[in-house]
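1. mind folding the following:
(chains A and B)
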2 protein chains.
Amino acid sequence: MNFETILGKVDFLEFLRGKKATFLLSCSVTKTCEIPNISQAGIPGKLYLTPTLDAEFLCTKEVRSLPDIAQTPKGVPTPALITRAIHELNPYSNIEILNLGLEVIPQINYFKIHNFDIKPSESITAGAKIEAMEIFQKGLEFGQNYQTKDEYVILAETIPAGTTTANATAKALGYECDGYFSSSFKNNPSDIKNETIKKALDTIDKNDDIFEKLSKVSDNMIIFNAGFILGSRVNELKVILAGGTQMASVLLVVNSILKSMDGEIDSSNLALCTTKWISKDENSNIKAILEQLDFPINTYASEFDFSLSNHPALKLYDEGEAKEGVGCGAALCYATINGLTKEQITNKIESFLG
Amino acid sequence: MNFETILGKVDFLEFLRGKKATFLLSCSVTKTCEIPNISQAGIPGKLYLTPTLDAEFLCTKEVRSLPDIAQTPKGVPTPALITRAIHELNPYSNIEILNLGLEVIPQINYFKIHNFDIKPSESITAGAKIEAMEIFQKGLEFGQNYQTKDEYVILAETIPAGTTTANATAKALGYECDGYFSSSFKNNPSDIKNETIKKALDTIDKNDDIFEKLSKVSDNMIIFNAGFILGSRVNELKVILAGGTQMASVLLVVNSILKSMDGEIDSSNLALCTTKWISKDENSNIKAILEQLDFPINTYASEFDFSLSNHPALKLYDEGEAKEGVGCGAALCYATINGLTKEQITNKIESFLG
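-> Got it, this is the predicted structure:
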């Protein structure tokens, strides 16, 4: 099991081989997830719980705010299973939770939950009503002050309907997007998504500046982490953005903000790591998104898939029903640079499903 | 291979997943071990050497103060084999020895041996003659001042006949004990033990205070570590008490001392970790001991057993001939939260036996 280099060179990830990582899970809720059928990342009607349950499961292997592990209608289990399996096989030395607007606080002790007084954002169909500048500032400050004993940070996300807000964000900022954005569905519910994005873009006034646009069509995860990425440059913290098109959108926001202030970024200590299900997805194109950045970004995709498994719920991943989330792509890259095998990971994940 | 949560929640141990540990081995001799057949933790007539040999073997994989690894008459090898095997597979970042009254100093270089000017204690049948208050104070000070770069400390013990002194200690302090205390024997030599405990309790005067009682019936390991636990609360050091009913007795002493001075303890950064052989032992009941504490204590037992081994000496563990010691239960829990498998551990231990 290896990883593919999509952009840049192997050196960044190779340098991190064998080094210690802190896993930061950004958890957020956008009420966009209440639009029927917009996402399959969780239990219909209870998608707002998904980030809470993902955090609980990653940390404790237990879902405490609900009796069962979040499953999609077709029974695709949360990618938190993958991220947790790797934590059991070769633990991240630290897991911390970023509460970027949760409905329900995860029931976990000892693990650090960073609170920033951020509320779930509204649906982007009627304006997300995010205090974008304030959220960005909070991310910036957190990034400037964040310290770790570990050699790098894996920055992951869990926010249902996040690919929709990510797509709307990119489009509002003027990036080429058509056909580039991913979905948790195999048959991307493009009509619902496109309709939602269209409604979101309609809320934008042509005179809106970047932050006004973000306030209306984005989500807390993207805005906060754009700040985090910029802020953490002061210490040259090594950060792996753990995700697919949503994390690509974080970088687009960074790019737009820098452009607006004629700023520059040293992106040499940043990378994006995702899954094969994203890199090989025919209905999205993460490379095309990232190539629009004015700075280079090392980008990798794990080669892991469920070809060694016969479990029907897991095979759905290979069929395109789930692709990314809870940093599973970066976790799989981390697994590779720490010597784990595809077999070990497959067996461990299967052991969770019984 | 996982661990079972006996008391509390999984969170404490889950939080420590992937984190660095210092291993502290408390080594002590009570002349109670000279009573024939009271313990099988070592070579008959030379049980006083066991803690010395355990320390040597854990640190160096060599027994220097005697040609062979301490074996019991039936050939049950010391649990130091387990603790050492895990150290080879996923090393503790530091091992330090606490000399709490050794007859023979371990012949090891570089490893820190903390000396406290403590002598082996006398047999409890005629009064152990321990300066209990002084020993407790030494533990308290050591705990207050102890510093580590690691995120937690595994505090283990090796003291032959220690379950007898632990039982006597608990009984002298008025706790319910009948059938709760463990033995290194499968067929617990209850007559010898009970007779010894009875003789010990006979030395107590009804007007004796806690420390006077401890002076007569306890051992240096228990008294010192009760101090260590209380002292180390000032820095909120995360400590895993690595052992079975003996470590439970340390907590009972902490409890009694606190009660006598109307004190309280924040036990949230403490846990006790032991083996399956203890948690499933039908002749003892560690849970019942710990439930008598006035503070909560996270308690875990590794699920490890020797079901993957055919080695007759190791199978004796599964038959109940050895159950705990040299922190092997906590070492096995540490193995789990660092991604080791039952197979790896079994193979490594077998490799020691040839």
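2. give me phi/psi at the closest residue in space to A:Leu102 that isn't next to it in sequence?
-> In this structure, A:Leu102 finds its nearest non-sequential neighbour in A:Cys27, 5.4 Å apart by CB to CB, 6 or more residues apart in numbering or on different chains. Every residue, glycine included, has its C-beta placed from N, CA and C. The phi and psi values for A:Cys27, taken as degrees, to the nearest 10, are phi -110, psi 130.
3. ends of stretch A:42-57, how far apart?
-> Here the two ends of stretch A:42-57 are set 13 Å apart, with distance taken as CA to CA, to the nearest Å.
4. picking up where we left off before, who does the residue nearest to A:Leu102 form a beta bridge with?
-> A:Asn99, A:Thr158 (DSSP bridges).
5. who are the contact partners of it?
-> A:Cys27 is in contact with A:51-52, A:54-55, A:97-100, A:102, A:106, A:157-159, counting by CB atoms under 8 Å, 6 or more residues apart in numbering or on different chains.
6. columns neighbour count on top of the residues you listed, output as a markdown table?
-> What follows is those, written out as a markdown table (neighbours: other CB atoms under 10 Å in any protein chain shown):
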| residue | neighbour count |
| --- | --- |
| A:Pro51 | 36 |
| A:Thr52 | 28 |
| A:Asp54 | 33 |
| A:Ala55 | 31 |
| A:Ile97 | 27 |
| A:Leu98 | 28 |
| A:Asn99 | 21 |
| A:Leu100 | 31 |
| A:Leu102 | 25 |
| A:Pro106 | 24 |
| A:Glu157 | 30 |
| A:Thr158 | 32 |
| A:Ile159 | 33 |
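7. pipe the residues you listed into a markdown table and attach pLDDT per row.
-> As requested, the contacts of A:Cys27 are arranged in a markdown table below (pLDDT from 0 to 100):
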| residue | pLDDT |
| --- | --- |
| A:Pro51 | 97 |
| A:Thr52 | 97 |
| A:Asp54 | 96 |
| A:Ala55 | 97 |
| A:Ile97 | 98 |
| A:Leu98 | 98 |
| A:Asn99 | 98 |
| A:Leu100 | 98 |
| A:Leu102 | 98 |
| A:Pro106 | 98 |
| A:Glu157 | 98 |
| A:Thr158 | 98 |
| A:Ile159 | 97 |
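8. and those, which is closest to B:Lys138?
-> Compare each of the contacts of A:Cys27 with B:Lys138 using CB to CB and the shortest gap goes to A:Ile97, at 40.6 Å.
9. okay, and the closest one sits in which element?
-> Using DSSP states H and E, the secondary-structure element containing A:Ile97 is strand A:94-99.
10. what's the following helix or strand after that strand?
-> Using DSSP H and E, the next helix or strand after strand A:94-99 towards the C-terminus is strand A:112-115.
11. so what strands line up beside that next one?
-> Partner strands and pairing direction for strand A:112-115 (DSSP bridges) are strand A:94-99 (parallel).
12. in three-state terms, label the residue of chain A found nearest chain B for me.
-> Closest to chain B within chain A is A:Pro91: 2.6 Å, counting by CB to the nearest CB. The three-state label for A:Pro91, taken from DSSP: H, G, I helix; E, B strand; the rest coil, comes out as coil.
13. correct me if wrong: it contacts B:Ile337.
-> Yes. In terms of CB atoms under 8 Å, A:Pro91 counts as a neighbour of B:Ile337; the distance is 6.6 Å.
14. shared neighbours of the two, anything?
-> Joint contacts of A:Pro91 and B:Ile337 (CB under 8 Å, 6+ apart) are B:Arg17, B:Gly18.
15. could you dump the stretch of helix or strand A:Asn225 belongs to to PDB, C-alpha only?
-> Take DSSP H and E as the rule and A:Asn225 turns out to sit in helix A:220-231. Once non-C-alpha atoms are left out, helix A:220-231 reads as follows in PDB (Å, rounded to 0.1, in the frame of the first residue of the first chain):
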ATOM      1  CA  ASN A 220     -17.400  27.500   9.800                       C
ATOM      2  CA  MET A 221     -15.000  24.700   9.000                       C
ATOM      3  CA  ILE A 222     -13.700  26.300   5.800                       C
ATOM      4  CA  ILE A 223     -13.500  29.800   7.200                       C
ATOM      5  CA  PHE A 224     -11.900  28.900  10.500                       C
ATOM      6  CA  ASN A 225      -9.300  26.500   8.900                       C
ATOM      7  CA  ALA A 226      -8.400  29.100   6.300                       C
ATOM      8  CA  GLY A 227      -7.400  31.300   9.300                       C
ATOM      9  CA  PHE A 228      -5.700  28.400  11.000                       C
ATOM     10  CA  ILE A 229      -3.600  27.600   7.900                       C
ATOM     11  CA  LEU A 230      -2.500  31.300   7.500                       C
ATOM     12  CA  GLY A 231      -1.900  31.700  11.300                       C
END
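16. going on from it, what's the next piece of helix or strand?
-> Counting by DSSP H and E, what follows helix A:220-231 is strand A:239-242.
17. pull the residues that contact that next one.
-> A:16, A:21, A:152-157, A:225, A:228-229, A:232, A:247, A:250-251, A:269-274, A:327-331, A:333-334.
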